[in-house]
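A.B. asks: pasting the sequence and the predicted model now:
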Amino acid sequence: MTFNLTDKVDEDTVVVGRAAISSLIGGIGYYFGQSRISIPEESKDGVNNNFALYWPAALYTAVPSRSFFPRGFLWDEGFHQLLIWRWDLHICLDIIGHWLDLMNIDGWIPREQILGAEALSKVPEEFVLQHATNANPPTLFLVLRDLAVELTKDTSTSLEKEVIATFLERAFPRLDAWFHWFNTTQTGKDPISYFWHGRDNVTDRELNPKTLSSGLDDYPRASHPSEDERHVDLRCWMALAADCMHLISKQIGSVNNKYSTTAKQLSDLKLLNQMHYDNISGMYHDFGNHTEQVLLKWKQIQDEKTLHIRRELRRVVSRKPRLRLVPQFGYVSLFPFIMKVIPSDSPILTNQLDLIYNRSLLWTSFGLRSLATRSSLYMKYNTEHDAPYWRGPVWINLNYLILSALHHYAQEDGPYKTRAAEVYKELRQNLIGNIVHNYKSGYFWEQYDNAASGKGKGAHPFTGWTSLVVLMMAEIH
C-alpha cells in the first residue's frame, strides 16, 4: 500500500513525508538480551538482588529514536505499526509477533524493553527495572483492529487476507491472555472501572506523583494515589481492546461473549458519565482522592548520617484531599471522544468539539496542547529538575488520535457532522504545517512547543510516532 501523498499535499510537504516514513523504517532494529524485573519486598525471601532476569529474548521492533531511545516501548509500538503495516504487512506482523512473544505466563508484557548494552547505557538507573504489576496502554489493538477490519474489505487481496487471518488466529491465545491480565490486575473498586497501577503514594518529592504506566508520565492525576482512583483513559483503552477482541474472535470463528459484553458495558455512555463526566463543565475527568492545594516548597533537610543541611523542594499539602473528579483538562479528558464512545447525535459531542477548539484551553496554531492553560499544573515542574512533559507541549501521537476521531465524526450522520469537519480541517493544517516548518532544522521532534513558536523540543531526531504526520497528510484514519 502506498500513501499517495501527491494527491493530498504539495511537493515540499511530500518530501517531508518521505523523510518521516524513511526514518521510521530505518530505525527498525533487532535486539537481544534480558529485561530486569523488580522483585517486590514481600517476595525476596533473603534474596539480595532487587531484580530477577527475564528469559533471554529477541525483539524485532521500531524505536522512537535510534540515537536517544534505542529500545522498544510497548505503547509507542502500536503507533509505529499504524504506518508500518501499510508499508509492509509482513514486517508489521513479524514485529507484533515478537512483542507477543515477550508475554509471561500471566499475560503481562514489560512496557520498556531494555535489551543489550547499548539500550541499557541510555536508561537512567531508576527506570531500568520493570514492574510486573504495571501496565502500559495496549496500543497494539489500534493496528490489530485495522487488520481485522481489512479482512472485510474488497480492496485487500486474497493472499493478504489469508496472511492476516492466519496471524490473528495464531496470536489469539496471547491476545486473550493480555486482555485477561488487564481485566484482573488493572480494575478498580467499582464495577467496570480501571486505574493505572504503580503510582507512588508516599513520595513528598513530586508535585503530583507520576503515572509512568499510562505513557503520559507526569500528566496530572489525583493528588493522592489510592485504589479509589478511576482513570478515564485506561477505561477507554479497554473499550478499544474489548471491541477489537470481539471483532477478531468473529473473524477467526472463535466467538466469546465476554468480549462483546465488556465492549457493550464500556461503551455505555450513561455509565461512563456517572463515573467520569462533569455536567457543569462538560468535561471528562479522572476520579480519585484529590486536593488542588499542593505546592513544592523549599525546606531545610538534615542528613541523618553527616548531619549536613541542604535545601530541597518538598511537597506541601495545605488542604486534606477528598474523593472527587480531578479538575484537570487535557488529553486524558478527550479519551471518550478519541475512542468514539460518544454517539454522533449526543449533545455531549458538541461540548467536546467546543472544548477542543477553545483557544484558551488546548487549541494552538501548532496542534492541541497536552494540558489546558487553565489547569492548575499547566507547565509546572514536577520536581526541582523534572520539567513539564505532558503538561502543555504538543504531542503528535495524541493529536493523531484526536484528528482520527474528528474525521470519524465528520463522516457520521448527525447534527455535528459539519462542525467536526471544520475542526478536523483546521487541526490537520496546523499539525502538518508546523511539523513541515520545523523540519527545516533537519529533524523531526519528540514534542512541539505549545506557546508562541511551535518549535520542536525534546529528543531529536524523533521519528517514532511523530512520523504519524504521514497518515495525517494522506488522510488515513
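C.D. replies: Yep, that arrived.
A.B. asks: give me the pLDDT for residue 469.
C.D. replies: In this model, residue 469 is scored at 98, pLDDT.
A.B. asks: tally up the residues packed near it, please.
C.D. replies: Neighbour count of residue 469, defined by other C-beta atoms under 10 Å: 27. In this view, the C-beta of every residue, glycine as well, is placed from N, C-alpha and C.
A.B. asks: what sits closest to it if chain neighbours are left out?
C.D. replies: residue 435 (4.8 Å; C-beta to C-beta, 6 or more residues apart in numbering).
A.B. asks: could you pull up the mean pLDDT of stretch 13-23?
C.D. replies: Stretch 13-23 comes out at a mean pLDDT of 97.
A.B. asks: same question for stretch 177-193.
C.D. replies: 97.
A.B. asks: C-alpha coordinates for that stretch, PDB please?
C.D. replies: Taking C-alpha atoms only, stretch 177-193 is exported to PDB below (Å, rounded to 0.1, in the frame of the first residue of the first chain):
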ATOM      1  CA  ALA A 177      -4.200 -13.600  27.900                       C
ATOM      2  CA  TRP A 178      -3.200 -10.000  27.600                       C
ATOM      3  CA  PHE A 179      -6.900  -8.900  27.700                       C
ATOM      4  CA  HIS A 180      -7.500 -11.100  30.700                       C
ATOM      5  CA  TRP A 181      -4.400  -9.700  32.500                       C
ATOM      6  CA  PHE A 182      -5.700  -6.200  32.200                       C
ATOM      7  CA  ASN A 183      -9.100  -7.200  33.400                       C
ATOM      8  CA  THR A 184      -7.800  -8.900  36.500                       C
ATOM      9  CA  THR A 185      -4.900  -6.600  37.500                       C
ATOM     10  CA  GLN A 186      -5.900  -3.100  36.400                       C
ATOM     11  CA  THR A 187      -9.500  -2.900  37.500                       C
ATOM     12  CA  GLY A 188     -10.800  -0.500  40.200                       C
ATOM     13  CA  LYS A 189     -13.000  -0.800  43.200                       C
ATOM     14  CA  ASP A 190     -16.200   0.000  41.200                       C
ATOM     15  CA  PRO A 191     -17.500  -2.400  38.600                       C
ATOM     16  CA  ILE A 192     -16.300  -1.600  35.100                       C
ATOM     17  CA  SER A 193     -13.700   0.800  36.300                       C
END
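A.B. asks: okay, buried residues for that stretch please.
C.D. replies: 177-179, 181-183, 185-186, 188, 192-193 (16 or more other C-beta atoms under 10 Å).
A.B. asks: try stretch 132-143
C.D. replies: Neighbour-count burial for stretch 132-143 [16+ other C-beta under 10 Å]: 132, 134-143.
A.B. asks: what do you get for stretch 92-111?
C.D. replies: 92-93, 95-96, 98-100, 102-103, 107-111.
A.B. asks: and what of stretch 11-20?
C.D. replies: 13-14, 16-17, 19-20.
A.B. asks: what is the nearest of the residues you listed to residue 476?
C.D. replies: residue 17 (11.7 Å; C-beta to C-beta).
A.B. asks: for the closest one, what are its contacts?
C.D. replies: 3, 5, 9, 469-470, 473-474 (C-beta atoms under 8 Å, 6 or more residues apart in numbering).
A.B. asks: let's see 6 Å
C.D. replies: 5, 470, 473 (C-beta atoms under 6 Å, 6 or more residues apart in numbering).
A.B. asks: I'd say the residue nearest to residue 469 and residue 470 touch.
C.D. replies: No: look at residue 435 against residue 470 with C-beta atoms under 6 Å: they stay out of range, at 10.0 Å.
A.B. asks: name the element the residue nearest to residue 366 when sequence neighbours are not counted belongs to?
C.D. replies: Closest residue in space to residue 366, ignoring its immediate chain neighbours: residue 454 at 3.3 Å, by C-beta to C-beta, 6+ apart. Using DSSP states H and E, residue 454 is not contained in any helix or strand.
A.B. asks: and residue 454, how many neighbours?
C.D. replies: Residue 454, neighbours per other C-beta under 10 Å, totals 21.
A.B. asks: doesn't residue 448 make contact with it?
C.D. replies: Yes: counting by C-beta under 6 Å, residue 454 touches residue 448, with 5.5 Å between them.
A.B. asks: which neighbours do these two have in common?
C.D. replies: With C-beta under 6 Å, 6+ apart as the test, residue 454 and residue 448 both reach residue 366.
A.B. asks: please work out which helix or strand belonging to the chain has the smallest mean pLDDT.
C.D. replies: Within the chain, no helix or strand scores below helix 117-121, which has a mean of 90 by mean pLDDT, DSSP states H and E.
A.B. asks: show me where the stretch 101-250 of the chain has strands.
C.D. replies: 112-113 (DSSP state E, counting those that start in this stretch).
A.B. asks: what stretches of it score poorly on pLDDT?
C.D. replies: Across the stretch 101-250 of the chain, nothing is flagged by pLDDT under 70.
A.B. asks: all helices for it, in order.
C.D. replies: 117-121, 140-150, 158-185, 232-251 (DSSP state H, counting those that start in this stretch).
A.B. asks: which elements pack onto the third one?
C.D. replies: On a contact count with 3 or more C-beta pairs under 6 Å, 6 or more residues apart in numbering; DSSP states H and E, helix 158-185 meets helix 89-100, helix 232-251.
A.B. asks: likewise the second one?
C.D. replies: Helix 140-150 sits against helix 74-87, helix 232-251, with contacts defined as 3+ C-beta pairs under 6 Å, 6+ apart.
A.B. asks: give me the residues contacting the last one.
C.D. replies: By C-beta under 6 Å, 6+ apart, the residues outside helix 232-251 that reach it are 137-138, 141, 144-145, 148, 151, 168, 179, 194, 196, 255-256, 259-260, 262-263, 266-267, 276, 284, 286, 332, 335-336, 339.
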